[in-house]
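Novice: Build me a structure from this.
(one chain, ligands or ions: 1)
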Amino acid sequence: MSAISGSRTLHRLVYASEISILEPDLEHEVGGIIQASMRNNRARAITGLLLVHAGWFAQALEGPAEPVMQTYRRILEDPRHKGAKVLSAGPAPSREFGDWNMCARRMSDADDAILDALALRDAFRPDALSASAALRLLKAVRGIQARRTFDPQRPLEKP
Ligand code: FAD
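Specialist: Take a look at the predicted model:
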């Protein structure tokens, strides 16, 4: 069984944090985060998704428990964000986010339906979401992301 398909010890951690990067540097810095993620996560059988929206990161990390927790502890030390709050952490029956590249995505006007469904359009505070609402948000974003793959050379989609 390959590392990515193994589900015996699969854990999922979802957190939200406030972005500390200034807007002019955001694309470049998120590109760097994605490249580090691609380098590191694959080696640890970690997949996930990183949402970048309205001053907030929300990220899901999936994989074997210890590598997921080690990666989260490393991410916590990163000065490019602050106030990280774990929204859920624990065993998961299967991977919801199967990409190695962490596919950062910024939501756009076209995604208002997702934010409306979660009552998030006017006040996007992912750190206040319940575990299930946070997972619903990231899964909805994953559905859109499936049509687009992050390219560090291409500007992030503007909101
Ligand atoms: P390098 O990339 O070589 O970095 C060496 C050191 O410099 C690290 O301590 C790093 O934190 C620091 N550093 C690098 N660039 C900057 C910068 N521009 N500003 C300040 N410090 C910097 N990493 C993952 O491996 N997987 C993930 O899923 C992941 N998700 C992340 C999500 C968020 C929201 C953020 C903010 C960061 C994320 N990172 C992730 C990056 C992580 O915090 C580390 O920067 C990275 O894992 C270090 O990779 P490296 O060991 O290859 O070191």
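Novice: Now do the top helix by length along the chain, average pLDDT.
Specialist: Counting by DSSP state H, the longest helix found in the chain is helix 23-43. Helix 23-43 comes out with an average pLDDT of 92.
Novice: which stretches of this structure have low pLDDT?
Specialist: Applying pLDDT under 70 to the predicted model, the residue ranges of the chain that meet it are 1-8, 100-101, 103, 109-110, 117, 145-159.
Novice: For it, what lies in contact range of the ligand?
Specialist: By the criterion of C-beta under 6 Å from any ligand atom, the positions of the chain lying close to the ligand are 29, 32-33, 36-37, 39-41, 48, 50, 57, 59, 61, 71, 74-75, 78-81, 102. For glycine as for every other residue, the C-beta is placed from the backbone atoms N, C-alpha and C.
Novice: mind running it again at 5 Å?
Specialist: Taking C-beta under 5 Å from any ligand atom as the criterion, the chain approaches the ligand at residues Ile33, Ala36, Ser37, Asn40, Asn41, Phe57, Arg74, Ile75, Asp78, Arg80, His81.
Novice: can I get those in JSON lines with distance to Ser88 and neighbour count?
Specialist: Putting those into JSON lines (distance: C-beta to C-beta, whole Å; neighbours: other C-beta atoms under 10 Å) gives the following:
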{"residue": "Ile33", "distance to Ser88": "21", "neighbour count": "21"}
{"residue": "Ala36", "distance to Ser88": "24", "neighbour count": "14"}
{"residue": "Ser37", "distance to Ser88": "20", "neighbour count": "24"}
{"residue": "Asn40", "distance to Ser88": "22", "neighbour count": "16"}
{"residue": "Asn41", "distance to Ser88": "19", "neighbour count": "22"}
{"residue": "Phe57", "distance to Ser88": "15", "neighbour count": "25"}
{"residue": "Arg74", "distance to Ser88": "19", "neighbour count": "11"}
{"residue": "Ile75", "distance to Ser88": "16", "neighbour count": "21"}
{"residue": "Asp78", "distance to Ser88": "20", "neighbour count": "14"}
{"residue": "Arg80", "distance to Ser88": "22", "neighbour count": "16"}
{"residue": "His81", "distance to Ser88": "18", "neighbour count": "19"}
